[in-house]
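1. Just a sequence and a predicted model for now, questions to come.
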Amino acid sequence: MQQSRERVVVAMSGGVDSSVAAALLVERGYDVVGLMLRLWSEPGDFPQARRDNRCCTRDQMLDAAFIARRLKIPFEVIDAQEVFKSVVVDGFIDGYARGITPNPCLACNRHIRFTYLLDEALKRGASYLATGHYAQITRDQRGRFELRKGADPGKDQSYVLSVLNQAQLSHALFPVGGYTKPQVREIATRFGLPVASKSESMDLCFIADGDYRRFLGTIKPDTVKHGEIILGDGTIVGRHVGLANYTIGQRKGLGISWHEPLYVIEKDAISNTLVVGTRSELGATRFLAGPMSWVSGDVPPTPFSAEVKIRYTAAPVPATVTPQDDGSALFQVAIPLPDVTPGQGAVIYDGDRVVGMGLIEQGLTPNRSTRTQKTRDLLTPQEHH
């Protein structure tokens, strides 16, 4: 058993993973402090609306406080509603307004957990911020920190942690990353934690009823403004009911009749048009992502082979990655990917090790009309952050 009195702040949520993380650190002899963030949630005055952010409901705060008392550690709730709203929520809204599909979990881990909360932990004299994420940290031969997949393939969360840099990883601990979910529940039972069988919420945490389309229509009506559905050559084939209601690769629900199946291949927010095309136009074997964040801190000097995941739930696929002079990277895959979606993270893996990540800018498809190749030229500098 490790006997250390280093202080560790645990990001507690009232769930089983963060509770077990705290319990394991107490058992290992750390000076453990529990912190929980109060995050912004959309005010709701309709029957199905929730009063709280799903990550920090009143019941979850009570559960976290109870666990802290059980473990005999200090516990504090910090109000982070303003910074969460300005960074994560407003970024989510702005992304859809620009026709991309943002991943708010990437923004939350980069800016809220491992910037805002980490700063709060360091202010309290902690050496580390621990979370209940399923991921692992190792060191390479040069002493640099490495981010690796969690031991449970079904729960691995390295994708959403791929935004972390060396400074952040140096202060991060993932105590449950080496366990499977069933093992974590067993550990919770061993410690007598009443959250052992607690279920999880997977919805967008800040939307009152979980319906992001309704949310965007309320907050940013332009995102659901009707417009034209066109082919790549500009031919009008129908009307859409708001770009936010569609995803790249979507076939059903387009409301158009054509002599062959059509798929969503681009959302052009500038002209408020939904671009559709055939299956051959959809699949992208090359795409750009950026700006790239390399876990090691070093930009690879030459193209290299790896695997890439283009969504949290996507299977990794082999790719050749070529870093670009402007800080982005060009990805080349052997088999066309039908759902290369601007705004989602392209996360690079070498086995179970995360190499780096960047936000997808656009897919490049030889069979696609020239019109749909303008996406990257239209990007403005602020859209890369």
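-> Arrived safely, thanks for sending. Numbering: from 1, shown residues only.
2. contacts, neighbours, all on C-alpha from now
-> OK.
3. Please enumerate the helices of this protein.
-> If DSSP state H is used as the criterion, the helices of the chain fall at 16-27, 58-71, 81-84, 90-97, 104-107, 118-123, 158-161, 166-169, 181-190, 212-219, 279-282, 375-378.
4. so where's the stretch 251-385 of the chain shaky on pLDDT?
-> Within the stretch 251-385 of the chain, the stretches with pLDDT under 70 are 365-385.
5. hey, where'd the strands end up in it?
-> 263-268, 273-277, 284-289, 293-294, 304-309, 317-323, 329-337, 345-350, 353-364 (DSSP state E, counting those that start in this stretch).
6. List the residues that contact residue 154.
-> For residue 154, the contact set (CA atoms under 8 Å, 6 or more residues apart in numbering) is empty.
7. Could you measure from it over to residue 73?
-> Residue 154 sits 31 Å away from residue 73 when distances are taken as CA to CA, to the nearest Å.
8. what residue of this structure is the furthest out?
-> residue 259 (37.6 Å; CA atoms, centre = their mean).
9. Residue 258: neighbour count?
-> Look at residue 258: counted by other CA atoms under 10 Å, it has 7 neighbours.
10. can you check the one 5 residues further on too?
-> The local packing count at residue 263 equals 23, with neighbours defined by other CA under 10 Å.
11. quick one, phi/psi of the closest residue to it other than its chain neighbours?
-> Closest residue to residue 263 apart from its sequence neighbours, by CA to CA, 6 or more residues apart in numbering: residue 251 at 4.6 Å. The phi/psi pair for residue 251 (degrees, to the nearest 10) reads phi -120, psi -50.
12. One more: the one 5 residues further on?
-> Dihedral angles phi and psi of residue 256 (degrees, to the nearest 10) take the values phi -130, psi 150.
13. isn't it right up against residue 238?
-> Yes. Counting by CA atoms under 8 Å, residue 238 is a contact partner of residue 256 at 5.8 Å.
14. Give me the common contacts of the two.
-> With CA under 8 Å, 6+ apart, residue 256 and residue 238 have no common neighbours.
15. Any idea how far apart the tips of stretch 234-247 sit?
-> Calculated as CA to CA, the first-to-last residue distance of stretch 234-247 is 20 Å.
16. Any chance you could list what contacts that stretch?
-> 96-97, 99, 101, 213, 216, 222-231, 254-256, 264, 267, 269, 272-274, 341.
17. roughly how far is it from the heart of the chain?
-> 26 Å (CA atoms, centre = their mean, to the nearest Å).
18. With stretch 243-252 instead?
-> So, by CA atoms, centre = their mean, the centroid of stretch 243-252 is 20 Å from its chain's centroid.
19. try stretch 216-231
-> Counting by CA atoms, centre = their mean, stretch 216-231 comes out at 24 Å from the chain centroid.
20. How about stretch 270-287?
-> For stretch 270-287, the distance to the chain centre is 23 Å (CA atoms, centre = their mean).
21. Need the CA coordinates for stretch 96-112. PDB is fine.
-> This file holds the C-alpha atoms of stretch 96-112, laid out as PDB (Å, rounded to 0.1, in the frame of the first residue of the first chain):
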ATOM      1  CA  TYR A  96     -24.200  24.300 -34.800                       C
ATOM      2  CA  ALA A  97     -24.700  27.900 -36.100                       C
ATOM      3  CA  ARG A  98     -21.600  27.400 -38.300                       C
ATOM      4  CA  GLY A  99     -22.900  24.100 -39.600                       C
ATOM      5  CA  ILE A 100     -20.600  21.700 -37.700                       C
ATOM      6  CA  THR A 101     -21.400  19.000 -35.100                       C
ATOM      7  CA  PRO A 102     -19.500  19.900 -32.000                       C
ATOM      8  CA  ASN A 103     -18.600  17.400 -29.200                       C
ATOM      9  CA  PRO A 104     -19.200  19.300 -25.900                       C
ATOM     10  CA  CYS A 105     -17.400  16.500 -23.900                       C
ATOM     11  CA  LEU A 106     -14.100  17.400 -25.600                       C
ATOM     12  CA  ALA A 107     -14.500  21.000 -24.700                       C
ATOM     13  CA  CYS A 108     -15.600  20.200 -21.100                       C
ATOM     14  CA  ASN A 109     -12.600  18.000 -20.400                       C
ATOM     15  CA  ARG A 110     -10.100  20.500 -22.000                       C
ATOM     16  CA  HIS A 111     -11.500  23.700 -20.500                       C
ATOM     17  CA  ILE A 112     -13.600  22.800 -17.500                       C
END
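22. which outside residues touch that stretch?
-> 83-84, 87-89, 91-92, 95, 160-161, 163-164, 220, 222-223, 243-244, 247, 267-270, 341-345.
23. Kindly state the domain boundaries assigned to this structure.
-> With domains defined by automatic domain parsing, the chain comprises 7-190, 225-281, 284-364.
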